[in-house]
Structures are given as structure tokens and as C-alpha cells.
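J.: have a look; sequence and predicted model below, questions after that.
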Amino acid sequence: MNTRHDISSLAGLSLSELARIFAQLPSGSAGDLSGTYTGKVLATPGLDSLPETLRSALLSIVNSPVSPWRGKRFGDGTGSNVWLGGSTEFASFRIAQAEALDGTGPVIQFDYDVDGNPAPVRKILGEARPLGEGRYLARMNYRFDSGPVLILYFTLEP
């Protein structure tokens, strides 16, 4: 199984294609994440049904320099989202090894249910697996009372 993927080759893939790739990636180790990683949104529900040109245009805006989200910062079993050019951190999380929500095996989990986060943020649960060479494919889920719902796929790279 090829577990090395080029991040640019993931752009434009559907949610189901990204889910298939994510399920085949190795689990990785939570301890490997340290420092600041740049994030790039790949897909979110609803975009799959749009024409490719419109979907690409929307993702270009989301991933452009005007977008406030820049990525994530990790250290000592915790992390936070990096905003506004890297000078602002918001939405902290704990990092741990855990079972994937979809039952595909272990993942590196980002659990936002920590003191200091607003109640809506505390329902976010992220999952990541390594793509190779310090790069990660990740997804964000939101825990509703009825169960978790996939919100988006994104990449992280140093």
C-alpha cells in the first residue's frame, strides 16, 4: 500500500475519495506532532455537488492569504489553531492516540473538549494520519447529540 501522497494531488478529491485514502494511511504517533503546521482545507460536505470550477474557486478563497485560519501549533500533548498570520491562537485541544470515529483503526486525535474553549468549540473532534515526511491528512468532526458529523478534510505540513 502506498502511504506517501503529494498534498497537491489531494486537492479536488471528493469526500468519499479522501475518506478512502484516510482509511488506508498508517496511524502515526501523537508524539510526532511538534511546532507549527500550515493548514489547507481540501473538502467539506456540500462542495462535492458544485461544478469543479466553482468548488476550486471557493477553496482558493478559503486557502488564500486573506483567510484567517493558518493551521495548528503543537507541543507537549496539546495544540491550538493558529489564526491571523500566526500571531493569534484560538481553540485549544488535547492530542492523543484514539480509535477513528469511523472504525478504521487508530488515529491521532485532536479533542477540543478542554477548559477555556467556548461550548460550541468543545464539540469539535479532529483526527489525523501521516501522509509521509511530516505531512498529515486530517479531518474535523462535530459531535452532535445524534452523533458525530464530518465537517471537513484538511492537510497539515510544517
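T.: Perfect, I can see it now. Numbering: from 1, shown residues only.
J.: any weak-confidence spans in this protein?
T.: Where the chain drops to pLDDT under 70, the residues are 1-5.
J.: so who does the residue most central in space within it touch?
T.: In the chain, the residue lying closest to the centroid (CA atoms, centre = their mean) is residue 138, at 3.3 Å. Applying CB atoms under 8 Å, 6 or more residues apart in numbering to residue 138 gives the contacts 110, 126-129, 153-156. Placement of C-beta: from N, CA and C, glycine included.
J.: quick one: buried residues of the helix or strand harbouring it?
T.: Using DSSP states H and E, residue 138 sits within strand 135-144. Of the residues in strand 135-144, 135-141, 143 count as buried by neighbour count, 16 or more other CB atoms under 10 Å.
J.: just put the residues you listed in JSON lines and tack on distance to residue 8.
T.: Below are those laid out as JSON lines (distance: CB to CB, whole Å):
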{"residue": "135", "distance to residue 8": "11"}
{"residue": "136", "distance to residue 8": "15"}
{"residue": "137", "distance to residue 8": "13"}
{"residue": "138", "distance to residue 8": "16"}
{"residue": "139", "distance to residue 8": "18"}
{"residue": "140", "distance to residue 8": "21"}
{"residue": "141", "distance to residue 8": "25"}
{"residue": "143", "distance to residue 8": "31"}
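J.: hang on, the earlier thing: of the contacts of residue 138, which is the most crowded?
T.: In terms of neighbour count, residue 110 stands highest of the contacts of residue 138 at 29 neighbours, by other CB atoms under 10 Å.
J.: which SSE is it in?
T.: Counting by DSSP H and E, residue 110 is part of strand 106-111.
J.: just checking, next helix/strand downstream of that strand?
T.: Next in line after strand 106-111, if elements are assigned by DSSP H and E, sits strand 124-132.
J.: returning to that earlier point: what separates the strand holding residue 110 from the chain centre, distance-wise?
T.: 10 Å (CA atoms, centre = their mean, to the nearest Å).
J.: and stretch 105-112, by the same measure?
T.: Worked out by CA atoms, centre = their mean, stretch 105-112 lies 10 Å from the chain centre.
J.: please apply the same query to stretch 82-100.
T.: 10 Å.
J.: may I see the buried residues of stretch 31-44?
T.: 33, 36-37, 39-44.
J.: name the residues that touch that stretch?
T.: Counting by CB under 8 Å, 6+ apart, 7, 10-11, 13-15, 18, 59, 62-63, 69-75, 79, 82, 86, 95, 108, 128, 130, 134, 136, 151-158 sit against stretch 31-44.
J.: no further questions, thank you.
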